[in-house]
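Novice: Fold the following for me, if possible:
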Amino acid sequence: MSSFTKKWRRQKTRAGTVYRPVIDLLFSERTGHNLYSFIVDSGADITLAPRQLAERIGLDWNKGSKVTLTGISPKPECSLEGRIHRITALIPDIAIELNLSTCFAYGNAPYLIGREWERAIPHWSRRLLRRVRRHPGQEEAKDHFQKSQSNLAVGPS
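Specialist: Numbers count the residues shown, from 1 in each chain. Modelled structure (predicted):
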């Protein structure tokens with residue numbers, strides 16, 4: 001399996017300074033393109049983001065598959081309502097496009113990328129990752145993303 005390496009990002013929290021594995025994802029939004037930092041959560045079954053991101057990338061949150069998110073506590077007051085949608089994002093560091101199932105949660109949800117992201121990389125791209133010697137610039141990756149979005153077929157041809 002191919003891989004690429006990123007330094008863990010230093011973040012300040014209420015508990016002090018921590019280092020987290022973070023990957024940047026570029027999204028095509030209604031008003032342009034924006035980069036979001038997702039914490040890599042190898043124990044997460046699915047990618048998670050706040051509902052506001054779904055709206056910014058043009059999704060109707062209510063049309064997603066309804067789920068209830070729970071954590072350590074089974075108490076109803078500790079759960080969040082979410083909707084699952086398929087999304088497309090770009091990893092600008094390596095110019096690879098991902099198609100992910102993502103749960104957009106109501107409330108103050110973190111940006112987490114679950115363990116499915118590596119499987120979402122197309123097979124041909126995994127082979128290319130072995131050959132990546134330099135990282136393309138953000139503008140180059142953004143251009144690639146825009147071209148791939150404009151080439152998507154919508155409806156019958």
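
Novice: So which elements touch the helix or strand hosting Leu35?
Specialist: Leu35 belongs to strand 32-40 when assigned by DSSP states H and E. With contacts taken as 3 or more C-beta pairs under 8 Å, 6 or more residues apart in numbering; DSSP states H and E, strand 32-40 sits against strand 22-29, strand 47-50, strand 112-113, helix 138-150. All C-beta atoms are positioned from the backbone trio N, CA, C, and that covers glycine.

Novice: got the contact list for that strand?
Specialist: 9, 20-27, 47, 49, 53, 56, 92, 110-113, 117, 138, 142, 145-146 (C-beta atoms under 8 Å, 6 or more residues apart in numbering).

Novice: Just checking: what are the partner strands of that strand?
Specialist: strand 22-29 (antiparallel), strand 112-113 (parallel) (DSSP bridges).

Novice: Residue ranges in this structure under the pLDDT threshold?
Specialist: In the predicted model, the chain carries pLDDT under 70 at residues 1-4, 119-157.

Novice: Let's see that with 50 instead.
Specialist: The chain contains residues with pLDDT under 50 at 1, 124, 126-138, 149-157.

Novice: now the helices: where do they sit in the chain?
Specialist: 51-56, 117-120, 123-129, 138-150 (DSSP state H).

Novice: related to what we said a few turns ago, highest average neighbour count across the strands paired with strand 32-40?
Specialist: strand 112-113 (a mean of 24; mean count of other C-beta atoms under 10 Å).

Novice: isn't Leu112 right next to Leu48, touching?
Specialist: Yes - Leu112 is in contact with Leu48 according to C-beta atoms under 8 Å; the separation is 4.4 Å.

Novice: between those two, what contacts are shared?
Specialist: Joint contacts of Leu112 and Leu48 (C-beta under 8 Å, 6+ apart) are Asp41.
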